[in-house]
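Enquirer: Based on what follows, work out the 3D shape:
(2 chains)
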Amino acid sequence: MASPVTSITQIGRHDGETVTLRGWLYNLRESGKLLFPIFRDGSGVIQGVVAKNAVAPEVFETVKHLTLESSVIVTGKVRADKRAPGGYEMDVESVEVVQKVPTEDPFPISLKEHGVDFLMEHRHLWVRTPRQAAILRIRAEIENAAREFFNERDFVLTDPPILTPAACEGTSTLFEVDYFNDPAFLTQSGQLYIEATAMALGKVYSFGPTFRAEKSKTRRHLTEFWMVEPEVAFLELDGLMELAEQFITHIVKRVLERRRADLVTIERDVATLEKIEAPFPRISYDEAVKMLQEGHAKGELEQKFEYGGDLGSPDETYLSNKFDRPVMVHRYPAKVKAFYMEPDPQDPSKALCVDVLAPEGYGEIIGGSQRIGSYEKLAQRIKEHELPEEAFKWYLDLRKYGGVPHAGFGMGIERAVAWICGLEHVRETIPFARTLTRIYP
RNA sequence: UCCUCAGUAGCUCAAUGGCAGAGCAUCCGGCUGUUAACCGGAGGGUUGUAGGUUCGAGUCCUACCUGAGGAGCCA
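Expert: Numbers count the residues shown, from 1 in each chain, chains lettered A, B, ... in the order given. Model (predicted):
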């Protein structure tokens, strides 16, 4: 008679019963005629107990010689135990080894510390460790919360193309691919395309991978990353900023509700996340520059900030550290921003745009703007930026056939995950990071 | 592209220019409540590559390779 199969997170429901777990051997300790195998099944971890005088000799010998990360099907009796970190232990009765890790080639990742290069080279195995698994569950929660936020508000998910004929923004370096003997590029943003679907459906969003061939080598950069981008017809900058702060607040709230145990596993300071509530502080570029120049005068900031330039990474860190929640910096000089941004009617040298800087020095997690509504203005900008007019003909059409004020933003998933998880580097936020120096595994 | 740092056992690291070592992992042995268990033993090395200085180089010099962090650029 087979015992019921359960998962480790559900095991508390079976106290005193005999159940079956399917998973992997995470660790094995022994003390004379007692064995303490620790099993994991993806949902959690539980310690088993095998006493030599309580089981058949072959069960004891099998467990004693099990190698780490061997896959097993274990049957035993669940017992509440104050000594167990999860509250329960299993008195093992039988073990079926699905696949034994060869002793001459053991699982490479030990419970001791490893270097970054080694871990990234073994990313396919590193994801099994409790910390990495927790991060990936939190990432999934963030992605679900993002979709939920837009779906609840009647946004329509529209998937933009990944192969594009030309640069979206004309700035970044793109990955070029051969498209039947013609050059094509991997998208750096779905934005221009969802502006078109927003004119069809009103409120839309996209959620997908984007690619940048920039030679960026920092803890904030990947060459392939995921972005969620809403785009809304008849929305202006103030409404966009409200949307952004509600969006972030919703995501943080969901993670706190549903992934608290994982936040504890990765030792995230939950209290700082609990402070994240709308409204977020809003400062103009001019105000930000004033803060940066004061910071430099006080010696808190090494580099002197020159008015008119874009904020550098140390500048963003300095600004974000002044607040306990994300700060929204709006109305940057138009010349440091993308060609499609609507100029501020109060001061046409400024763009109606906003960057949301995450706290604790995580930098820009959202960039957005109101888009240029006028055909003539946009056509002029395309010329000024020396973009191929042919490639942007369809984009201009959006201003010819019923153009309206509209706005949207993009949030980089990996930076949001890094911030919410409190990670040192975005490479841990995605199952398989693609960086300047790494495309394996 | 630029700046800084690093490369020694499967992993994490040590070794004043003078015999290449430790912990973990693996294997063997011991221990009936271990918590990255502990104790004893064994195996395991082209010191990133090439050249140079020297009686002698893991160590000093030159070039290169690889990686990490940062700048720029960006989400």
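
Enquirer: Name the residues of stretch A:153-165 that are buried.
Expert: Neighbour counts over stretch A:153-165 (16 or more other Cβ atoms under 10 Å) mark A:F155, A:L157, A:T158, A:P160, A:T164 as buried. Glycine gets a C-beta too; all of them are placed from N, C-alpha and C.

Enquirer: Could you export it as PDB, CA atoms only?
Expert: These are the backbone C-alpha positions of stretch A:153-165, laid out as PDB (Å, rounded to 0.1, in the frame of the first residue of the first chain):
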ATOM      1  CA  ARG A 153      -6.800  47.800 -14.300                       C
ATOM      2  CA  ASP A 154      -7.900  46.600 -17.700                       C
ATOM      3  CA  PHE A 155      -4.600  46.900 -19.500                       C
ATOM      4  CA  VAL A 156      -4.300  44.600 -22.500                       C
ATOM      5  CA  LEU A 157      -1.100  42.600 -22.800                       C
ATOM      6  CA  THR A 158       0.300  43.200 -26.200                       C
ATOM      7  CA  ASP A 159       3.600  41.500 -27.100                       C
ATOM      8  CA  PRO A 160       5.900  43.600 -29.300                       C
ATOM      9  CA  PRO A 161       8.300  42.000 -31.700                       C
ATOM     10  CA  ILE A 162      11.800  40.900 -30.600                       C
ATOM     11  CA  LEU A 163      13.300  41.200 -34.100                       C
ATOM     12  CA  THR A 164      13.300  44.700 -35.300                       C
ATOM     13  CA  PRO A 165      14.500  46.400 -38.500                       C
END
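
Enquirer: That one close to RNA strand B?
Expert: No: between stretch A:153-165 and RNA strand B, judged by Cβ under 7 Å from any atom of the strand, nothing touches; the nearest distance is 14.6 Å.

Enquirer: how far out from the middle of the chain is the lengthiest strand in chain A?
Expert: With DSSP state E setting the assignment, residue counts place strand A:18-31 as the longest strand in chain A. Offset of strand A:18-31 from its chain centre (Cα atoms, centre = their mean, to the nearest Å): 31 Å.

Enquirer: Now do the buried residues in it.
Expert: Buried residues in strand A:18-31 (16+ other Cβ under 10 Å): A:T18, A:V19, A:T20, A:L21, A:R22, A:G23, A:W24, A:L25, A:Y26, A:L28.

Enquirer: Can you list the strands that the very next helix or strand once past that strand pairs with?
Expert: Downstream of strand A:18-31, the first helix or strand assigned by DSSP states H and E is strand A:34-40. Take DSSP bridges as the rule and strand A:34-40 pairs in its sheet with strand A:18-31 (antiparallel), strand A:45-51 (antiparallel).

Enquirer: Next, format the ones you listed as CSV and append distance to RNA strand B and mean pLDDT.
Expert: Formatted as CSV, the strands paired with strand A:34-40 follow (distance: least, Cβ to the nearest atom of the strand, whole Å; pLDDT from 0 to 100):
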stretch, distance to RNA strand B, mean pLDDT
strand A:18-31, 4, 93
strand A:45-51, 5, 93
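
Enquirer: do you know which of those strands lies nearest A:D344?
Expert: strand A:45-51 (54.5 Å; Cβ to Cβ).

Enquirer: Tell me which residues are up against that closest one.
Expert: By Cβ atoms under 8 Å, 6 or more residues apart in numbering, the surrounding residues in contact with strand A:45-51 are A:8, A:11, A:21, A:26, A:33-40, A:59-60, A:63, A:74, A:76, A:84-86, A:88-92, A:130.

Enquirer: And RNA strand B, is the helix or strand following it touching that?
Expert: Downstream of strand A:45-51, the first helix or strand assigned by DSSP H and E is helix A:57-64. No: shown here: helix A:57-64 not in contact with RNA strand B (Cβ under 7 Å from any atom of the strand), separated by at least 8.3 Å.

Enquirer: which helices and strands sit right next to helix A:57-64?
Expert: Contact partners of helix A:57-64 among helices and strands, from 3 or more Cβ pairs under 8 Å, 6 or more residues apart in numbering; DSSP states H and E: strand A:34-40, strand A:45-51, strand A:88-99.

Enquirer: need the contact list for the residue of chain A most remote from its centre.
Expert: Farthest-out residue of chain A from its mean C-alpha position, per Cα atoms, centre = their mean: A:N53, at 49.3 Å. Shown in contact with A:N53 (Cβ under 8 Å, 6+ apart): A:K33.

Enquirer: How many residues are close by the residue of chain A found nearest RNA strand B?
Expert: For chain A and RNA strand B, the shortest gap (Cβ to the nearest atom of the strand) falls at A:G32, measuring 1.8 Å. Applying other Cβ atoms under 10 Å, we find 7 residues neighbouring A:G32.
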